[in-house]
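Visitor: what shape does this take:
(2 chains)
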Amino acid sequence: MNKKAFLTLEDGTVFEGESFGAEGELIGEVVFTTCMTGFQETLTDPNYSGQIVVQTFPIAGCPGANSHDDLSDYGGAAGLIVREQSVVASNFRSEETLDEFMKKRGIIGLCGIDTRKLARILRKKGTMNGVISTTESADISKLKSFTPEITLISGTESVTYRAENAKHNIALIDYGHRKSIVALLNKLGCNVTVVPFTETINPADFDGIVLSNGAGNPAECTEEIEAVKALIASKIPLLGIGLGHQLLALAAGGTTAKHTHGHRGANIPVVDLESGRTYITAQNHGYYVSDLPEAVGKITHINANDKTCEAISYSSFPALSMQFAPSDMSGVNATAYLVERFLGLVK
Amino acid sequence: MPLRKDIKKILVIGSGPIVIGQAAEFDYAGTQACRALKAEGLEVVLVNSNPATIMTDKNMADIIYIEPLTLDSVKKIIKLEKPDSLLSTLGGQTGLTLSMQLAKEGFLDEHNVKLLGAKVDTIDKAEDRQIFKETMEAIGEPCIPSKVVETLDDALEVAGKLGYPVVVRPAFTMGGSGGGIAGDEAALRVIADNGLRLSPITQVLIEKGISGWKEIEFECIRDSKGNVITVCSMENVDPVGVHTGDSIVVAPCLTLSEKDFQMMRTAALNIVNALGIEGGCNVQLALNPNSFEYAVIEVNPRVSRSSALASKATGYPIAKVATRIAIGYSLDEIPNAITGKTYACFEPALDYVVIKFPRFAFDKFVYAKKTLGTQMKATGEVMSIGVSFEEAMMKAVRGVELGLDTLTKPVFEKLTNDEVIAKLSDIDCDRIFCIFEALKRGVTTEEICRITAFDKWFVEKLRNLCKLEQDLAKGLTAEKYQLAKKYGYLDKTIERLSGEKLAEKNIDKKHCVYKLVDTCAAEFEAQTPYFYGVNCDEENEAFEFMNSPEKKKVIVFGSGPIRIGQGIEFDYCSVHCVWALKEMGYEAIIVNNNPETVSTDFDTGDRLYFDPLTPEDVDNLINTEKPWGVVVQFGGQTAIKLTKHLQDKGVNILGTSADSIDAAEDRERFDALLEKCNIPRPEGMTVYTTEEALNAAGKLGYPVLLRPSYVLGGQNMIIAHCDSDVQEYMEIITATKLENPVLIDKYLMGKEIEVDAICDGEDFLIPGIMEHIERAGVHSGDSISVYPAIIKGKIKNMIIDYTERLAKALNIIGLVNIQYVVYNNEVYVIEVNPRSSRTVPYISKVTGVQMVDIATKIMLGQTLKQQGLPTGLFPKSEYFAVKVPVFSFEKLHDVDTQLGPEMKSTGETLGIAKTFKEALFKGLLAAGFKFKKSEEGKPRGVLFSVRNSDKPEIIELAGKFEKLGFDIYATSGTASLLNHNMIPANFVYRIKDGKEPNVISLIESGKIDYVVSTSETGRDPALDSVKIRRKSVERGIACLTSIDTANALADCLESGMTIDDVEMVDITKI
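Guide: Next up is the predicted model:
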């Protein structure tokens, strides 16, 4: 029998289960994802930075982890809660088990609990703070006062990924980007220079700029919003993805708000208002663009379920943005046309 | 786009009789389709030859034809009804093929009928092997190296180039009929020859063997706007090589990495887009487990068995959505019925593991080949839902009703270690049990994976179960109990495995709680109460749905997996019971574990529990629901078996009591009852051993009928003509532990009469009396059954009288089915079943007496009189209805097709007409009999090979065929008998004569249209007579194994009737 572990939520609910992965105590925002595959991608998604992720699908880790499939080299979930951690890793590329992977990265795990009950609490009451620990006595008052301090993460210096027969030079401002977007841009004929968000960028050096995804509350990123305003002023074509989409909207005069329990899953329907088509997208975010002045641009895509903003086309400057990921592990997905539309602005 | 304005009247084609590869899932799909269409206010015309379906119920469509599903018949209906549209994709391969033929002939255009659901070129792209391959190549999706051929020589040449093994796949056949894996040239000659013949366009695909790859399936839906989604991914536990219908399947895929998964998903969507599907589509892919190499196996551009499974596994109603797409809607316009807030344009997220476990008929067909390949053999399946693979697996294995509650199968326990390892190589229906035995013997995972190509992950999961069972054997502890419950074991099993009682160990029993299937893994609030049990969890969501305290709750137990003897008709009855309960203001709760059925549609009952039907599973449910009453009468033997247990628990069983059920099934009590009622039955005895059996047979005098008590569908029932028959039978039957005795009866070869009656304790009603064409000795399910019975006068009155006496003596409250034999002008009772029966749906439809609804109301306290119904025999309908059995012999190799007391048919058709002859003709035509007209220069032939006792009767029979211009062939004795009686018969050698032409080469020559074959003994495939019958099946030649059936057929042929001569009957007007 593995060591016991506990999850205590801000509302006082306690779940008792077993510990796996790294040990210790961790406070974080507890969020749930309905993705049924891809635990390695979940754990290495920078959007989850600092968060405790609940996987609603009952088993994680069946194919094991390998050294190729990380979504990023830095950042990712701080904790994982799943009903069952697969002790067996079965895949021809598998190098380590889920447990080994998490231990190596210091990700704390809790398994053996009724995750459906937990997800239902989060759905009804909204995302809340929680603590995973190997001792039962968690201080709820500490939980209530805890505010997730999400610092944007990126590499320390610029790196350029070259495409074969490149047509464009694109800068990607890194707030905690996923590697898949670089792969997609390379595939579409772009050299991509990943620039840490801390660096100032000279728009004249590039044909277009991508504002990457990342974690946290966009409204708190005041310095970054200012930096984006400068980019807007330069009239260089911009593409915002995820956090980048939110920062762009804020810089253009829009506002953002927080979802009760977020959009986290691989099955989220997004409607292209122009064509009327619906696309299934992968999403992982807690905030959304709640308002945008009509003069700067229009919402082009909405969420089919709650009708929130999913993508924007700007009219007052050459830019577009999307809340969801235009690429997945196998490369292009059905919404990559938005990235191509951005490259059209670049031309 | 909303509903198309140009659709007003729509024809829906059903899938016809239940056969292996095309079963109840199409009743589920068809019913959803009809309801969706009616909800739009469209006029629905339905044609389906299968009367045991919900879809052919009066309120399902506006106009309903239970008519043969032949081209001519459907054309006639189109001309008559003038529909403006035809829905092609909901009636299985049968419906699709018919629709395509009508479209390609130009018939639809000619009659201004729009083809909905599938475009002709889409179907060609998906189903024509060559065009499919070209389409895949054009979009860069890899196919397995293969070539389409139309001759055997080409097949051999292609296989030579590809290298063996090769897979043979015939074009346009359902369930992969006629296909197979050929390991060498000799095998290919047999398989390819057979496949070419079975393909309606004489075309097979010869494909490189890729056994051992993972088999992955996606159920996709696309609309006319181009919106496309995958509803569910599924992974076969059995690697490529076993038909997906025969594989153990998990959903969603479990062993794929995100990269593998997205690659497969993208491929599936690309294919669906390239084919231009508008509706549901099943895509099957193979993935090399050691690389990213994959290949497309096949695509089904319609709803299918897999889509029914995916619907139940996810809560996403594929057939309903596909139907609405066909009439113009797009995915984003169709609401998700489960959440009520979201739309059909999303991909369901699961937060549980689903396992599908196939059900085979090999327990009945002891001589059948159990090996599995590309041709489907399963008759049914169960689905189980758990929060772990282990839990789902344990639920599946006990739910499939093989008499097991663990993966230990006793036959394997007797084998040596070497034998077990050797058996691992056999790809058959027992492989999972063999793997489990190997694990128990300490065989390594690597070794098992090397031999079976199962993924390591699955084998390790089975090892968890094995290890737990071995630990339990060392003694029970609270910790082990906890783990065993988590793995889904029953308390009863845990106590047996450990040899200790929970109470002795002071361990508290764990009760299960119920979780919701909600399509979205709790992301949205769900409206539809569809549950599964979880053993070790905290929250019971079922309580949140118990919002009608003013209503009394009734649980209806379903009938489990479809098997020979317990088919779709019991689902029909369960569904009707639920409807009647709802109508009466009760809360109707259904529990069943069959994903193919209407009963497990989430909006059939007020609440659905998708769980096994064992006593302990049922106890758990009763603990949660605390029902006012339960109904066991409509779920076949599966539900009836629960009666005693429920009675002991003090549960209120509605209708006939447990005691009455026991009185009908316990031989001694039943005999006493008959004596009291003064009703004769064939003399009989009860025995336990071979010795007793031989003694009893000696006293009764041969022939005798042997069967175990408490049987279903005549399972393991034979007619013994001599001591050696009795010995052989008793050896087989005593091989498994004998809990109940064997019954041995004098066999009376008379006319068989069947009655379904409704009784309220005071009065009784017989909606109709049925008479069988075949004499007693052929199982009632395999007999051609005629309503109304032809018998008259005294005999008829005796039957009515006996029925009344029996129903009252047994204190039947609800339905009862009684079988009689009329012998030398005496009426004997053969069997009384105090429950619904196979014939209830068709008798209800043809007489207009809604038997299940009436019986349900009686159970709730409304007498027949209060319901305003007459008593005694109901006035007969102006129509004759002839039920004809349908078999799946082409799928089951080495099964003797001779009919006997053991049921063999998988489905049935019905012929309805004003005259008996027309009804018989329709029934036979619907069942697949061909009535070939004689053509100039093309002689037709009949081969006779019959047992001595039948010889006197075949003179007249052969005479009929001779008069019709058939050439008569017979083996020596029969030929000389016929020739002596002035019927010219050609002589052929028997196989054992070793000379030509013998019976087999004659059948192969193509000169034979019908075979009449009966023999004293059967079953053993080595027998000549069995070989004749098997060869007929292989060649698609009708083989009649009862002189009575053959006479009926000859009479039909004599009438020279065609479909143009008969009236199409809309049963809603009866």
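
Visitor: after whichever helix or strand B:Ile766 is part of, which helix or strand is next?
Guide: Using DSSP states H and E, B:Ile766 falls within strand B:764-775. With elements assigned by DSSP H and E, the helix or strand that comes after strand B:764-775 is strand B:785-787.

Visitor: how about residues contacting that following strand?
Guide: B:754, B:768-773, B:839, B:842-843, B:846-847, B:877, B:880-883, B:916, B:919-920 (Cβ atoms under 8 Å, 6 or more residues apart in numbering or on different chains). Where you see a C-beta, it was placed from the backbone N, CA and C, and this is true even at glycine.

Visitor: look up phi and psi at B:Ala757.
Guide: As for B:Ala757, its main-chain torsions (degrees, to the nearest 10) stand at phi -130, psi 160.

Visitor: for B:Phe436, what are its contacts?
Guide: B:407-409, B:412, B:462, B:465-466 are the contacts of B:Phe436 under Cβ under 8 Å, 6+ apart.

Visitor: can you check B:Leu621 too?
Guide: Per Cβ under 8 Å, 6+ apart, neighbours of B:Leu621: B:533, B:555, B:591, B:609, B:611.

Visitor: average pLDDT for stretch B:546-555?
Guide: Here stretch B:546-555 scores 94 as its mean pLDDT.

Visitor: endpoints of it, how far apart?
Guide: This stretch, stretch B:546-555, spans 14 Å end to end (Cα to Cα, to the nearest Å).

Visitor: in it, which residues are buried?
Guide: Within stretch B:546-555, the residues scored as buried using 16 or more other Cβ atoms under 10 Å in any protein chain shown are B:546, B:551-555.

Visitor: output those residues in CSV, with secondary structure and distance to chain A appended to each entry.
Guide: Formatted as CSV, the buried residues of stretch B:546-555 follow (DSSP: H, G, I helix; E, B strand; the rest coil; distance: Cβ to the nearest Cβ, whole Å):
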residue, secondary structure, distance to chain A
B:Met546, coil, 17
B:Lys551, coil, 26
B:Lys552, coil, 29
B:Lys553, strand, 25
B:Val554, strand, 28
B:Ile555, strand, 24
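
Visitor: going by distance to A:Thr151, which of the residues you listed wins?
Guide: Top of the list for closeness to A:Thr151, among the buried residues of stretch B:546-555 and by Cβ to Cβ, is B:Met546 at 48.4 Å.

Visitor: follow-up on the earlier one: who does the strand holding B:Ile766 pair up with?
Guide: strand B:751-760 (antiparallel), strand B:785-787 (antiparallel), strand B:872-873 (parallel) (DSSP bridges).

Visitor: measure B:Asp666 to B:Ile791 for me?
Guide: Applying Cβ to Cβ, to the nearest Å, the value for B:Asp666 to B:Ile791 is 30 Å.

Visitor: ok, and the most crowded of the contacts of B:Phe436?
Guide: Greatest neighbour count in the contacts of B:Phe436, by other Cβ atoms under 10 Å in any protein chain shown, goes to B:Leu465: 24 neighbours.

Visitor: how far off centre is the helix or strand where that residue lies?
Guide: According to DSSP H and E, B:Leu465 maps onto helix B:456-473. Centre-to-centre, helix B:456-473 and its host chain are 32 Å apart (Cα atoms, centre = their mean, to the nearest Å).

Visitor: after it comes which helix or strand?
Guide: helix B:478-486.

Visitor: my guess is B:Glu460 contacts B:Thr445. True?
Guide: Yes: at 6.0 Å, B:Glu460 counts as touching B:Thr445 under the criterion of Cβ atoms under 8 Å.

Visitor: quick check: the residue of chain A nearest chain B.
Guide: A:Gly38 (3.2 Å; Cβ to the nearest Cβ).
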